[in-house]
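[1] 3D, please:
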Amino acid sequence: MARKVFVEVTAKFDTEGKITPLSLLWEDGTVYEIDRITDVRRAASLKAGGTGIRYTVKIRGRQSYLFYEEPRWFVEAKE
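    Residues are numbered from 1 along each chain as shown. Predicted structure coming up:
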């Protein structure tokens with residue numbers, strides 16, 4: 001099972017209330033720019049537990065899931 005890593009996210013909020021994550025700050029201090037968002041849906045994290053809005057993102061060419069579980073953001077990380 002994976003673990004939840006809570007991350008700081010820089011996001012854009014538009015006038016309609018849509019949230020667009022732009023980058024995330026990893027636990028070691030590295031900032032990762034989000035290249036592209038390919039999907040947004042309410043979903044559960046099957047690997048780490050929890051539920052919220054799941055963003056399928058591309059970071060440095062690799063697909064990852066970024067979850068917004070109000071009021072925090074997390075990613076699934078290997079143990």
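[2] Correct me if wrong: residue 24 contacts residue 9.
    Yes: assessed by C-beta atoms under 8 Å, residue 24 is found in contact with residue 9 at 5.0 Å. (C-beta placed from N, C-alpha, C; glycine too.)
[3] More neighbours: the two, which one.
    Comparing residue 24 with residue 9 by other C-beta atoms under 10 Å, the one with more neighbours is residue 24, at 23 against 19.
[4] Now the residue positioned nearest the centre of the chain: closest residue in space that isn't a chain neighbour?
    By C-alpha atoms, centre = their mean, the chain has its centre lying nearest to residue 66, at 1.8 Å. Among residues not flanking residue 66 along the chain, residue 55 sits closest, at 4.4 Å (C-beta to C-beta, 6 or more residues apart in numbering).
[5] what does residue 36 give?
    residue 58 is the one closest to residue 36 (C-beta to C-beta, 6+ apart), at 4.3 Å.
[6] element containing that neighbour?
    Using DSSP states H and E, residue 58 falls within strand 51-59.
[7] in whichever helix or strand comes after that strand, what's buried?
    Moving toward the C-terminus from strand 51-59, the next helix or strand (DSSP H and E) is strand 62-69. Residues 64, 65, 66, 67, 68, 69 are the ones in strand 62-69 that count as buried (16 or more other C-beta atoms under 10 Å).
[8] Between the residues you listed, which sits nearest residue 14?
    residue 68 (15.1 Å; C-beta to C-beta).
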